[in-house]
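*Asks:* sharing a sequence plus its predicted fold:
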Amino acid sequence: MKQCPHCSAEYGDETDFCLKDGKSLVTKSGIRTKLCPHCANSIAEDALKCPYCKADLTSTSVPEWPTREEEGIEVRRRSGLNKTTMASKAILIAGLIVFGIGVFLIGGQRERSESQSVLEERLKEIKDKDQKIQDLEKQLAQARKDLAGNATKLVELKARVEESHKTLAATQQKLSRAARESERLAASKAPAATRTSPRPTEPTSTSGSGGARPTSEPGVYQTIRPTTVYEKPSGSSRVLSQINKGTRVNVVRSVGDWLEVTSKSNNPTGFIRWDDVVLVSRAN
């Protein structure tokens with residue numbers, strides 16, 4: 001291995017000249033070296049410039065590194081000082097260790113007491129929360145029980161309502177049958193009833209009939225007031241329509257106090273009271 005004495009660049013044994021500055025290379029082991037006063041790297045003794053830190057070594061103010069003898073003196077002085085202070089350092093270290101152990105023990109005791117109090121508080125909070133949870137579970141169980149009881153009562157009420165509906169429907173059917181039977185009896189007795197009973201005086205017609213009074217004869221009649229048309233000759237039967245005052249109707253027959261009328265639009269016949277109309281013209 002060869003080295004440039006100027007820039008300290010290293011080359012193989014087959015190279016003779018430095019490729020950087022053209023100096024002749026020498027064997028590395030035969031080069032006398034020194035430490036750079038600026039960067040402390042090993043450089044050639046006759047180098048004018050440090051190849052590492054690029055410092056100029058020709059300056060008169062170049063710092064010098066201490067010699068080995070001076071270094072030995074300094075080392076011996078320091079070792080003497082170290083020997084003289086070893087005992088004091090040992091005492092100081094022992095005192096610091098004892099102090100640290102005391103602080104650790106005291107602090108550990110305090111931390112343990114604080115941790116114990118914190119743990120007790122946490123345990124108390126957990127117990128309180130558990131108690132609240134148990135209370136809520138009891139309330140929830142009671143609410144579920146009440147809900148089940150209310151559901152049972154609701155089913156019973158529904159059954160009672162359905163039974164009431166059935167009873168009401170049966171009662172309505174009985175009333176309907178009784179009403180129909182009453183109407184049938186009234187209709188069967190109506191032809192035999194007398195029609196000579198006194199009747200109230202009716203207003204005279206405004207048509208050209210000359211003020212004829214209402215009769216039970218078939219013909220054209222005119223209403224003297226707003227009149228209701230019933231399905232059957234009974235006031236409790238179904239209402240078919242309402243006709244205004246002054247409306248003319250065709251009467252085909254009479255049933256007791258009722259007159260059967262027909263509609264011009266071929267609707268089913270209905271019944272009106274005979275005292276709601278006056279005769280306009282008799283049927284031919």
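*Replies:* Good, I have the coordinates.
*Asks:* and the residue nearest the centre of the chain, what helix or strand is that in?
*Replies:* Nearest to the mean C-alpha position of the chain, by Cα atoms, centre = their mean, lies L140 at 23.1 Å. Per DSSP states H and E, L140 falls inside helix 68-189.
*Asks:* what packs against that helix?
*Replies:* Helix 68-189 is packed against no helix or strand, with contacts defined by 3 or more Cβ pairs under 8 Å, 6 or more residues apart in numbering; DSSP states H and E. (Glycine included, C-beta is placed from N, CA and C.)
*Asks:* average model confidence for that helix?
*Replies:* On average, the pLDDT along helix 68-189 is 81.
*Asks:* what do you get for stretch 258-265?
*Replies:* 82.
*Asks:* give me the number of residues near C36?
*Replies:* Residues lying near C36 (other Cβ atoms under 10 Å) number 22.
*Asks:* contacting residues for it?
*Replies:* C36 is in contact with S42, I43, C50, Y52, C53, A55, L57, counting by Cβ atoms under 8 Å, 6 or more residues apart in numbering.
*Asks:* my read: the fourth one touches A40, true?
*Replies:* What that stands for is Y52. No - if you go by Cβ atoms under 8 Å, Y52 and A40 don't touch, sitting 9.3 Å apart.
*Asks:* past the helix holding L140, which element shows up next along the chain?
*Replies:* strand 219-223.
*Asks:* contact partners of the helix or strand just after that next one?
*Replies:* The C-terminal neighbour of strand 219-223 among helices and strands, as given by DSSP H and E, is strand 227-230. With contact meaning Cβ under 8 Å, 6+ apart, strand 227-230 is reached by 237-243, 245, 247, 258, 261, 270-273, 276-277.
*Asks:* need the buried ones from those residues selected in ChimeraX.
*Replies:* Typed into ChimeraX, the next command selects the buried ones out of the contacts of strand 227-230 (criterion: 16 or more other Cβ atoms under 10 Å):
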select :240,243,258,261,270,271,272,273,276,277
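*Asks:* could you list which of the contacts of strand 227-230 belong to strands?
*Replies:* V239, L240, S241, Q242, I243, W258, V261, G270, F271, I272, R273, V277 (DSSP state E).
*Asks:* report the beta-bridge partner residues of the third one.
*Replies:* Each beta-bridge partner of S241 is listed here: V229, as defined by DSSP bridges.
*Asks:* give the contact list for it.
*Replies:* Residues in contact with S241, defined by Cβ under 8 Å, 6+ apart, are T228, V229, G270.
*Asks:* using JSON lines, please lay out these together with distance to V161 and pLDDT.
*Replies:* Output for these, formatted as JSON lines (distance: Cβ to Cβ, whole Å; pLDDT from 0 to 100):
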{"residue": "T228", "distance to V161": "35", "pLDDT": "91"}
{"residue": "V229", "distance to V161": "37", "pLDDT": "90"}
{"residue": "G270", "distance to V161": "38", "pLDDT": "91"}
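*Asks:* rebuild those as a markdown table, extending it with distance to V252.
*Replies:* Putting those into a markdown table (distance: Cβ to Cβ, whole Å) gives the following:
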| residue | distance to V252 |
| --- | --- |
| T228 | 18 |
| V229 | 14 |
| G270 | 11 |
